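Engineer: with the sequence up front, the predicted model follows.
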Amino acid sequence: MTDTIEYKFHPSKKAAIITAPFSGGQPKGGVELGPEYILNAGFEKQISSLGWTTQVKSPLEGTNYESLKTNEKDKYGVKNAQIVSECCKRIHDSVYSSLEAGELPITIGGDHSIGTATVSAALEHNEDTCVLWIDAHADINTPLTTESGNLHGCPISFILGIDKESYPPEFSWVPAKLKANKLAFIGLRDVDDGEKKILREHKIPSFSMYHVDKYGIGKVVEMALDKVNPERKSPIHLSYDVDAIDPSFVPATGTRVEGGLSLREGLFIAEEVAQTGLLSSMDIVETNPLLAETEEHILDTVSAACAIGRCAMGQTLL
Ligand SMILES: NC(=[NH2+])NCCC[C@H](N)C(=O)O
Ligand SMILES: [Mn+2]
Ligand SMILES: [Mn+2]
């Protein structure tokens, strides 16, 4: 294990921490506080002490999307399309301009609907980008398959362009640039039937907790990278939903599923992505401090979110 990692796509080690305090992709309140808690825990300093210059960007500042949130499905079968789309557009523009300016954007959520924004921006910047989606869920429902109507369960289908005719017009700006062979999942354990069908049809490499138990996390990350980045030369977008990690370590999140990654397995994924030197952009989403039952729950969850970021940005154990 090397001491300092060369970031091939970010040799000058400039990072932008982009806040996405938004909860409209799902019904629960509190996930919009994620960025504030993570920043108050000292996240920016933690990243700068790893040798990155940092700045915080807040593309949603001055907006009022939270107050417009409803729990009604529209005629397309999804909720809050308008605000999710507008908020994603702002985050997209911020992530894109950071990448164009040579910064590594770390987008802090907020719910995972913002993956639509971050991944599409990463692909517009470099269409060779591959995506590792670390999550208990596949987030690949379409308006036709979603039962909940929650858009944090749909971002990947928008970026792949699956069931395109079914999207609300608000999402017509999203460039569907991702190819199914450039996306892999790790940590899955709660996938809807319609989503399973999509994963099979599009042959998307999907590593569930079964695979983690069977092969071990080291082998699983290697297999995932072999699928999406066989020559290890494409940039990597790491989209990290903290609910991939078991709720015993990360309790303060909106859709907890038992039987998840251990904290070490979760951090290993970020460390191993860092070791490739190919990390180009990342998201850390679904930290919801209001769902904590104790102070310790908040601390555990926020600390895990910060640790994911540090590991991906080059923190090593020795
Ligand atoms: N980003 C998340 N935590 N997504 C949970 C999605 C749950 C479920 N599959 C749905 O579509 O509603
Ligand atoms: Mn999830
Ligand atoms: Mn997710």
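Structural biologist: Right, received. Where do you want to start? Ligands and ions are numbered 1, 2, ... in the order given.

Engineer: so for the residue lying closest to Y240 once chain neighbours are set aside, what's the pLDDT?
Structural biologist: Leaving out its chain neighbours, the residue that sits closest to Y240 by Cβ to Cβ, 6 or more residues apart in numbering is I134, at 4.7 Å. Every C-beta, even on glycine, is put in place using the N, C-alpha and C of the backbone. For I134, the model assigns a pLDDT of 99.

Engineer: ok and the residue in the stretch 201-318 of the chain nearest ligand 3?
Structural biologist: D241 (3.4 Å; Cβ to the ion).

Engineer: show me what that residue is bridged to.
Structural biologist: Beta bridges link D241 to V285, judged by DSSP bridges.

Engineer: wait, it sits on T287?
Structural biologist: No - applying Cβ atoms under 8 Å, one finds D241 not in contact with T287, separated by 9.7 Å.

Engineer: okay, the two: which has more neighbours?
Structural biologist: Remark: of D241 and T287, T287 carries more neighbours, 31 against 27, as counted by other Cβ atoms under 10 Å.

Engineer: the more buried one in helix, strand or coil?
Structural biologist: coil (DSSP: H, G, I helix; E, B strand; the rest coil).

Engineer: name the nearest residue to it, ignoring sequence neighbours.
Structural biologist: In space, and not counting its chain neighbours, T287 is closest to G34: 3.8 Å by Cβ to Cβ, 6+ apart.

Engineer: and the one you found, what is it in contact with?
Structural biologist: With contact set as Cβ atoms under 8 Å, 6 or more residues apart in numbering, G34 has these partners: P21, I108, G109, G110, V285, E286, T287, N288, P289, A305.

Engineer: phi, psi for it please.
Structural biologist: phi -50, psi -50 (degrees, to the nearest 10).

Engineer: do you know the pLDDT at the residue of the stretch 201-318 of the chain closest to ligand 3?
Structural biologist: 99.

Engineer: who touches it in this structure?
Structural biologist: H112, W133, I134, D135, A136, H137, D139, V285, E286.

Engineer: can we see that at 10 Å?
Structural biologist: Taking Cβ atoms under 10 Å, 6 or more residues apart in numbering as the criterion, D241 is in contact with 109, 111-112, 115, 133-137, 139, 152, 187, 250, 253-255, 283-287.

Engineer: alongside ligand 2, which residues does this protein contribute?
Structural biologist: By Cβ under 5 Å from the ion, the part of the chain that sits against ligand 2 consists of D135, A136, H137, D241, D243.

Engineer: quick check, the second one in contact with G187.
Structural biologist: Yes - in terms of Cβ atoms under 10 Å, A136 counts as a neighbour of G187; the distance is 5.9 Å.

Engineer: who touches both of those two?
Structural biologist: Shared contacts of A136 and G187, counting by Cβ under 10 Å, 6+ apart, come down to S208, M209, D241, D243, A244, I245, D246, V257, G260, L261.

Engineer: which one of these sits in the busiest neighbourhood?
Structural biologist: I245 (30 neighbours).
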